[in-house]
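Asker: Below: sequence and its predicted model.
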Amino acid sequence: MLPLSLLTAAQNKPMLVELKNGETLNGLLINCDNFMNITLREVYQTNPDGDRFWKLKECYIRGSTIKYLRVPDNLLDAVKDEQNRTRDANRSSRGGHTGPGRGAPRGGNFLHTI
Amino acid sequence: MLIFSVFKTLTDQTVTVELKNDLSITGVLKSVDQFLNIRLDNIKVADEGRHPHMMAVKNCFIRGSVVRYVQLPAEHVDTQLLEDATRRDAMNQVKR
Amino acid sequence: MSLQGYTDRRVLLVLQDGRAIVGVLVGFDQKSNIVLSDCKERVYSADEGVEEIPLGLYLVKGEMVCLIGEIDEAIDSSADLSTIRAEPIPPIRYG
């Protein structure tokens, strides 16, 4: 499971983002891109020392400033189910044995699917 | 690319990797990639008493960006060849 | 990539700030971005045993990764974390 796939699947879900400077932002993921730049909605921002708080309606976070993201535990199962359903749907629509196109990555360059 | 090639010739040799957090790990070089990320098997951490954190780890992946030094087995590196290749590489760089 | 052999295995992730996280490697990419499920942070101290803090599902940026070690389950389960005393791993210092 590619990290960016997991993130894209997490749209509209709540998450915690910790930045390299120690700030944390809790909010709902609106969007993300290949650089892991993200936009969050209904955000609770906390300073590195944990003693100052802000509420933001929306914010944009540059991917290069992110340390890590914590996402809901059930997201993994949800994404795997979704991937399985898509794969099964593709298989049945193409019917039986398929040609060289099967298993080709979804347009990634050197990223691979596990 | 040149140093990447040197590492590729050293797979299955024992090397010691010193990281920028001062950890030193000895192991068998299993693979290296274009970023000089390193895979080591059968690792031994120097000063294990101070670093029990990796007690249950027998092989690992080390991100190239955190490596300070890699100690290579001198008998497996042809320094003359490497020097010549470096000179050629440098000349090609100048030409471009 | 060299991380391929580790998927679906339990690994120790050492971060550049010295943190030690243990979890199941679910995914990674060429930038070493990592997805770890069911992860726990192991906090080491010179005075007390190792504290394990459950973290859940994490996506860690590749730039934060220092080292990923494959955990030998037999050795790990035989270790008594409460008896281990050690300083935390030092952070990576560039320079």
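Answerer: Looks like it came in fine. Everything numeric here is computed off the predicted structure, so don't read it as measured data.

Asker: Could you check how far stretch A:21-37 is from the centre of its chain?
Answerer: Average the C-alpha atoms of stretch A:21-37, do the same for its chain, and the two points are 9 Å apart (Cα atoms, centre = their mean, to the nearest Å).

Asker: Close to chain C: what parts of chain B are there?
Answerer: Proximity of chain B to chain C (Cβ under 8 Å from any Cβ of the partner chain) is limited to residues B:19-23, B:30-33, B:37-39, B:43, B:50-63, B:65-66. Bear in mind the C-beta positions are built from the backbone N, C-alpha and C, glycine included.

Asker: is any part of stretch A:59-68 close to chain B?
Answerer: No. Stretch A:59-68 lies out of reach of chain B by Cβ under 8 Å from any Cβ, never closer than 13.9 Å.

Asker: ok, and for that stretch, which residues are buried?
Answerer: A:59, A:61, A:63, A:66-68 (16 or more other Cβ atoms under 10 Å in any protein chain shown).

Asker: Stretch C:77-88 now?
Answerer: For stretch C:77-88, using 16+ other Cβ under 10 Å, the buried residues are C:I84.

Asker: again with stretch B:35-42
Answerer: B:37-40.

Asker: how deep is A:R85 tucked in, by neighbour count?
Answerer: 10 (other Cβ atoms under 10 Å in any protein chain shown).

Asker: Give the other helices and strands that the strand or helix carrying it contacts.
Answerer: Assessed by DSSP states H and E, A:R85 sits inside helix A:75-94. Judged by 3 or more Cβ pairs under 8 Å, 6 or more residues apart in numbering or on different chains; DSSP states H and E, helix A:75-94 is in contact with helix A:3-9.

Asker: Next, see if the helix it packs on gets close to chain C.
Answerer: Yes. Using Cβ under 8 Å from any Cβ, helix A:3-9 reaches chain C at A:3-7.

Asker: Return the member of these nearest to chain C.
Answerer: Comparing those against chain C with Cβ to the nearest Cβ picks out A:P3 as the nearest, at 4.0 Å.

Asker: from what I can see that closest one touches C:Q30, true?
Answerer: No. Using Cβ atoms under 8 Å, A:P3 is not in contact with C:Q30; the gap is 10.4 Å.

Asker: Neighbour count: these two, which is higher?
Answerer: The residue with more neighbours, out of A:P3 and C:Q30, is A:P3; 23 against 18, by other Cβ under 10 Å.

Asker: tally of neighbours for residue 54?
Answerer: In the absence of a named chain, this looks at chain A. 12.

Asker: was after chain B, sorry
Answerer: 21.

Asker: Check C:C66 too.
Answerer: Count around C:C66 with other Cβ under 10 Å applied: 24.

Asker: next one: phi and psi at it?
Answerer: Per-residue torsions, C:C66: phi -110, psi -50 (degrees, to the nearest 10).

Asker: Show me the shaky parts of chain C.
Answerer: For chain C, not a single residue meets the criterion pLDDT under 70.

Asker: in it, which spans are helices?
Answerer: C:73-78 (DSSP state H).

Asker: how much space between the residue nearest to C:L12 when sequence neighbours are not counted and B:D78?
Answerer: Once flanking residues are discounted, C:L12 sits nearest to C:G69: 4.4 Å by Cβ to Cβ, 6 or more residues apart in numbering or on different chains. Distance from C:G69 to B:D78, counting by Cβ to Cβ, to the nearest Å: 32 Å.

Asker: what about the two, which has more around it?
Answerer: C:G69 (26 against 12).
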